[in-house]
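Kindly return the folded structure for what I paste below:
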Amino acid sequence: MEARIKRYRRAVERTLGGRPGRGARYGEDLRQEAVVLARAGMLAGKSLATVAGELGVGCATLARWLEGARAALRPVEVQGEGREEEAGPASSLVLVAPTGWRIEGLRREDIPELLRVLG
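Modelled structure (predicted):
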C-alpha cells in the first residue's frame, strides 16, 4: 500500500508540476486513484485525515471526491446461500458493496428494482 501511495504522489507531482497548492486541478484519473487508496486506507482503520495527509490532498477535497464516487454505480458482489435450486425458494441473496455496505434478504427479482433506485 505504501508503494502505491508513493507512486500516486509522484504522479501528482509530475502532472501538476511539483507540490500542488490550493486550487490545483486534479485529473479524473488522479481523483479515482485517490478514492481507491482512501477507501483501502479507511478499511484498514485509518482516519480520513490520516489518509488525506498520506496522499497530500486536503481532507475536505478527499471527502468530496469520496462522496462523488459514491454516487456512481460500481461493480458489486452478490452472494447467496448456494444455488437457488438447491436452497429452495426461501433462500435470499446478500449484496455487499465495495464500500462495505451489506444488504441482506434480497430476492433475485429485487435486484433490478434496487439498481433502478440506486441509479
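
Where do the domain boundaries of the protein fall?
Taking automatic domain parsing as the domain assignment, the ranges for the chain are 2-71, 77-118.

if you go through this protein in chain order, where are the strands?
Under the criterion DSSP state E, strands of the chain are mapped to 77-80, 93-96, 102-106.

Pipe the domains of the chain into JSON lines and attach mean pLDDT and mean neighbour count per row.
To be clear about C-beta, it is placed using only N, CA and C from the backbone, and glycine gets the same treatment. Output for the domains of the chain, formatted as JSON lines (pLDDT from 0 to 100; neighbours: other C-beta atoms under 10 Å):
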{"stretch": "domain 2-71", "mean pLDDT": "87", "mean neighbour count": "14"}
{"stretch": "domain 77-118", "mean pLDDT": "68", "mean neighbour count": "11"}
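
Isn't residue 4 up against residue 34?
No. The pair residue 4 and residue 34 does not pass the contact test of C-beta atoms under 8 Å, sitting 11.0 Å apart.

The spatially closest residue to residue 44 that is not a sequence neighbour: neighbouring residues, count only.
Distances taken as C-beta to C-beta, 6 or more residues apart in numbering put residue 1 closest to residue 44, at 7.5 Å, once the chain neighbours are dropped. The number of residues packed near residue 1 is 11, by other C-beta atoms under 10 Å.

State the distance from the nearest residue to residue 40 once chain neighbours are set aside to residue 97.
Leaving aside its sequence neighbours, residue 40 sits nearest to residue 1 (C-beta to C-beta, 6+ apart; 6.4 Å). For residue 1, the distance to residue 97 (C-beta to C-beta, to the nearest Å) stands at 21 Å.

so who does the nearest residue to residue 49 once chain neighbours are set aside touch?
Leaving aside its sequence neighbours, residue 49 sits nearest to residue 59 (C-beta to C-beta, 6+ apart; 5.0 Å). Residues in contact with residue 59 (C-beta atoms under 8 Å, 6 or more residues apart in numbering) are 48-49, 52-53.

Please apply the same query to residue 101.
Counting by C-beta under 8 Å, 6+ apart, residue 101 touches residue 95.
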